[in-house]
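*Asks:* Sharing a sequence plus its predicted fold:
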Amino acid sequence: MINSERGLLEGLHKVDWAELGHAYGRAQDVPEQLTALCSHDEAAREGALRSLFGNIFHQGTRYSASPYAVPFLARIALAGPHTVRDGVLSLLTRLAIDWHDEYDLPRGIDIKAWRAAAAELSMDEALAWYDEQIAAEPDEEKRNRIREIRAEWAAGRLMDSRASALLSYDAVRAELPGLLPLLDDPDPAIRTKTAYLSAWFPEEAAAILPLLLDRLRVKDSVTVTATALVAVGLLGDITLTSRLSPHLDATEPLIRWAAATALARIGSTKGATGLGTDLTEHVIAELAAAAVDTPKPDIDYNEGDTPGYISRSLLSLSNHDRESVLRGVADCLTAMPGNHKGWTAKTAIAVAFAEPFHNGTPPFAELTEGQQRLLQALVKAGPWGAYGKKFEETLRSRQMPDTRAALRVYVGLPNDGHDERTECIWG
């Protein structure tokens, strides 16, 4: 093992892991996995990292064992075996936020709302509810099962809730001061992962932003710079406009996209005064250009779905230039993963057809170019079928054709016999 328990794993066996839970039950296997992360055996390290992703962070769920693992993971990220450190930083990010938290883009994490949601139901209230169920259940076998579930709740071993996820988030937040120096790590992959991790802690913005801005002052890899720019946008406010806008003229497309993404966020945040007409037009133009020729997705934001992130940023600026926004979103839709299309399609339709038609649905030729381009893209790439119900309801509410076949006819294409009911969003 690299480094003894007096170092990276100090205190590991003081935690009562058997009384904690993860996705597959009690967490007594977590110490072995954390130890394997520090071993000389690269295969063992990789296997341990996969196991930890699968048990203390399982498909977005955090468990009672998750926050207890965080301090050890933070030490490994700082001084563990080189080949595992960036993966451990990714795990720490996922323990703080899951992929669904990123669906709040382009705004970023709303930690105030998260804390409020977590505080709505106290443990005492949850246990009291189970007590009521036990008292009301006449069947002894079912009553015993409810008692078992209550005991798991009381021990903190049950699955993720917004409250239990917040425990993991705050555990990572507590380690953040020690992790932020990794923004200057010699390895660009470590710098990138650290910048990405830092983007989700608005309560620590005062400490994080100066370090990210220092990173932007020096020439760095394109991926590091782009990741740091987006992080500044997620944490900062309109006062940083002058620090971000020069990057709109960078040579690298990914950096221009990142600067536009950051500026779109700070310019559209509630209470912001806006970027001004000229700069907003520049931002929209860069985002629209990125929609046509999407930069290589070297970043983690939005699960690496750059077109999806572009569409979200564009839609946040739809009040400024609706037509350019709609054209850009149309260009994004065909390149987005299917599971990310629902929100974009629903929101874009609401933007494109904000005003109801008073005399029935107009002929397609009478729509604006942006409206036409959007509908044509949706025919080809819309989230049709069972997973697109909200999108289809939005079409219906705007008096637009609400099936793929009907929309094909409306935009002037023959029905191709495709059955949207069988369409899978994951393709």
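*Replies:* Happy to help now that I have it. Numbers count the residues shown, from 1 in each chain.

*Asks:* Tell me where the stretch 301-427 of the chain has helices.
*Replies:* Secondary structure of the stretch 301-427 of the chain (DSSP state H, counting those that start in this stretch): helices located at 306-315, 322-333, 341-352, 369-381, 389-397, 404-410.

*Asks:* Go through those and name the closest to R26.
*Replies:* helix 341-352 (37.1 Å; Cβ to Cβ). Just so you know, the C-beta spots here come from the backbone N, C-alpha and C atoms, and that holds for glycine as well.

*Asks:* ok so, going back, which of the helices of the stretch 301-427 of the chain has the highest mean neighbour count?
*Replies:* helix 306-315 (a mean of 28; mean count of other Cβ atoms under 10 Å).

*Asks:* How far off centre is it?
*Replies:* Helix 306-315 has its C-alpha centroid displaced from the chain centroid by 13 Å (Cα atoms, centre = their mean, to the nearest Å).

*Asks:* and if you look at stretch 178-185?
*Replies:* The answer for stretch 178-185 is 22 Å, by Cα atoms, centre = their mean.

*Asks:* hang on, the earlier thing: need the helices of the stretch 301-427 of the chain in CSV with mean pLDDT and distance to E125, can you?
*Replies:* Converted to CSV, these look like this (pLDDT from 0 to 100; distance: least, Cβ to Cβ, whole Å):
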stretch, mean pLDDT, distance to E125
helix 306-315, 95, 36
helix 322-333, 96, 43
helix 341-352, 92, 32
helix 369-381, 94, 44
helix 389-397, 85, 31
helix 404-410, 92, 46
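
*Asks:* what's downstream of the worst-scoring helix or strand of the chain on mean pLDDT, the next helix or strand?
*Replies:* The least trusted helix or strand in the chain, going by mean pLDDT, DSSP states H and E, turns out to be helix 99-102, with a mean of 68. Sequence order places helix 111-119 as the next helix or strand after helix 99-102, per DSSP states H and E.

*Asks:* outside of that next one, which residues touch it?
*Replies:* Helix 111-119 is contacted from outside by 161-163, 165-166, 169, 201-203, using Cβ atoms under 8 Å, 6 or more residues apart in numbering.

*Asks:* can we see that at 6 Å?
*Replies:* The contact list for helix 111-119 (Cβ atoms under 6 Å, 6 or more residues apart in numbering) reads 162-163, 166, 202-203.

*Asks:* Quick one: buried ones out of these?
*Replies:* 162-163, 166, 202 (16 or more other Cβ atoms under 10 Å).

*Asks:* which ones among those residues are found in helices?
*Replies:* Using DSSP state H, the members of the buried ones among the contacts of helix 111-119 that fall within helices are 162-163, 166.

*Asks:* and which of the residues you listed is nearest A136?
*Replies:* Taking Cβ to Cβ as the measure, A163 is the one of those closest to A136, at 25.1 Å.

*Asks:* tell me the pLDDT at the closest residue to the closest one other than its chain neighbours?
*Replies:* Leaving aside its chain neighbours, A163 sits nearest to A118 (4.1 Å; criterion: Cβ to Cβ, 6 or more residues apart in numbering). Confidence at A118, expressed as pLDDT, is 77.

*Asks:* again, but for C424
*Replies:* Note on C424: pLDDT of 38.

*Asks:* again, but for A136
*Replies:* In this prediction A136 is given a pLDDT of 90.

*Asks:* cool, and T334?
*Replies:* At T334, the model reports a pLDDT of 88.

*Asks:* and it, what does it touch?
*Replies:* T334 sits next to A381 when contact means Cβ under 6 Å, 6+ apart.

*Asks:* and it, backbone torsions?
*Replies:* Note on T334: its backbone torsions stand at phi -70, psi -20 [degrees, to the nearest 10].

*Asks:* pLDDT weak spots in the chain?
*Replies:* 1-6, 100-103, 121-122, 155-161, 270-273, 297, 386-388, 415-427 (pLDDT under 70).

*Asks:* just curious, which of the contacts of helix 111-119 is nearest to A330?
*Replies:* Ranking the contacts of helix 111-119 by separation from A330, with Cβ to Cβ as the measure, puts P202 on top at 32.1 Å.

*Asks:* which residues does L73 contact?
*Replies:* Going by Cβ under 6 Å, 6+ apart, L73 touches 88, 92.

*Asks:* In the helix or strand hosting it, which residues are buried?
*Replies:* L73 belongs to helix 66-79 when elements are defined using DSSP H and E. Within helix 66-79, the residues that count as buried by 16+ other Cβ under 10 Å are 66-78.

*Asks:* Could you point out the helix or strand that follows it?
*Replies:* helix 82-96.
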